[in-house]
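> okay, structure incoming, though there's no sequence with it:
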């Protein structure tokens, strides 16, 4: 009696939050695994739009594909801008897109930079974000360019009208933001409650 085929998670797969997952570019062998996550969105941080196979998988399972164009990393450079990183964070913390899987090509530098900046916005200590990020890097150590990018991250982030529990406890009304360089653009109805940008 043959059982079900094995489940293969994407390369460098990991849980960021209960309904937010990260990893490398999904291959067809990963689709059964991803289906079990009941995803609403897949955010692709890649030079080219998602493959036909990935788009077909998204269509078949009512998953919204979100492509944010990001070049391949080159030596000693992070191929992200602060505004683009802000748009990635806004997509990841929007409940409309959760559960969500975010990936770059290899699940390493680009995804790592985006998640470290997300952690910064969440109020994590940079040291804790560094420890988490090193688990997904080829060399097991952060390059100085990645650390510098996160340390200097400075952007306006569009805050959705609702938030997941893991983002400031699910409330737009929160204490003064831990990182003044990150400015929050609140929905009009939340401007008074949130106290404006952090």
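That came through fine. Bear in mind that the values here come from a model prediction, so they are computed numbers and not experimental data. Numbers count the residues shown, from 1 in each chain.
> number of residues surrounding the closest residue to residue 77 other than its chain neighbours?
Leaving aside its sequence neighbours, residue 77 sits nearest to residue 145 (Cβ to Cβ, 6 or more residues apart in numbering; 6.2 Å). (Glycine included, C-beta is placed from N, CA and C.) By the criterion of other Cβ atoms under 10 Å, residue 145 has 14 neighbours.
> tell me which other helices or strands the helix or strand encompassing residue 145 touches.
In the assignment (DSSP states H and E), residue 145 maps to helix 144-152. Counting contacts by 3 or more Cβ pairs under 8 Å, 6 or more residues apart in numbering; DSSP states H and E, helix 144-152 packs against helix 109-122, helix 126-134.
> quick revisit: tell me the contacts of the residue nearest to residue 77?
Residues near residue 145 by Cβ atoms under 8 Å, 6 or more residues apart in numbering: 76-78.
> where does pLDDT dip in the protein?
1-2, 173-182, 188-198 (pLDDT under 70).
> pick the most buried one from the helices and strands packed on helix 144-152.
For the helices and strands packed on helix 144-152, the stretch with the most neighbours on average is helix 109-122, a mean of 24; neighbours defined as mean count of other Cβ atoms under 10 Å.
> next, the angle from it to helix 126-134.
Per axes from the mean of the first three to the mean of the last three Cα atoms, to 10 degrees, the angle that helix 109-122 makes with helix 126-134 is 150 degrees.
> what comes into contact with helix 109-122?
Helix 109-122 is contacted from outside by 16, 22-23, 45, 70, 73, 78-80, 85, 88-89, 92-93, 102-104, 126, 128-130, 132-133, 136-137, 143, 146, 149-150, 153, 157, 166-168, 179, 182, using Cβ under 8 Å, 6+ apart.
> mind doing that once more with 6 Å?
Here helix 109-122 makes contact (Cβ atoms under 6 Å, 6 or more residues apart in numbering) with 16, 22, 45, 70, 73, 78, 80, 85, 88-89, 104, 129, 133, 136, 146, 149-150, 153, 179, 182.
> distance-wise, check residue 97 relative to residue 132.
21 Å (Cβ to Cβ, to the nearest Å).
> kindly report the same for residue 79.
On the measure of Cβ to Cβ, residue 79 and residue 132 end up 21 Å apart.
> cool, residue 35 as well?
Look at residue 35 and residue 132: by Cβ to Cβ, they are 26 Å apart.
> and if you look at residue 4?
In this view, residue 4 and residue 132 are 32 Å apart by Cβ to Cβ.
> and residue 116, by the same measure?
To residue 132, residue 116 is 8 Å away according to Cβ to Cβ.
> could you do residue 166 as well?
Relative to residue 132, and taking Cβ to Cβ, residue 166 is found at 14 Å.
> likewise residue 36?
Distance of residue 36 to residue 132, given as Cβ to Cβ: 23 Å.
> for the protein, what spans make up the strands?
Taking DSSP state E to define them, one finds strands in the chain at 14-17, 20-23, 41-44, 64-67, 100-103, 155-158, 182-185.
> which residues touch the first one?
Contact partners of strand 14-17, identified using Cβ under 6 Å, 6+ apart, comprise 21-22, 115, 166.
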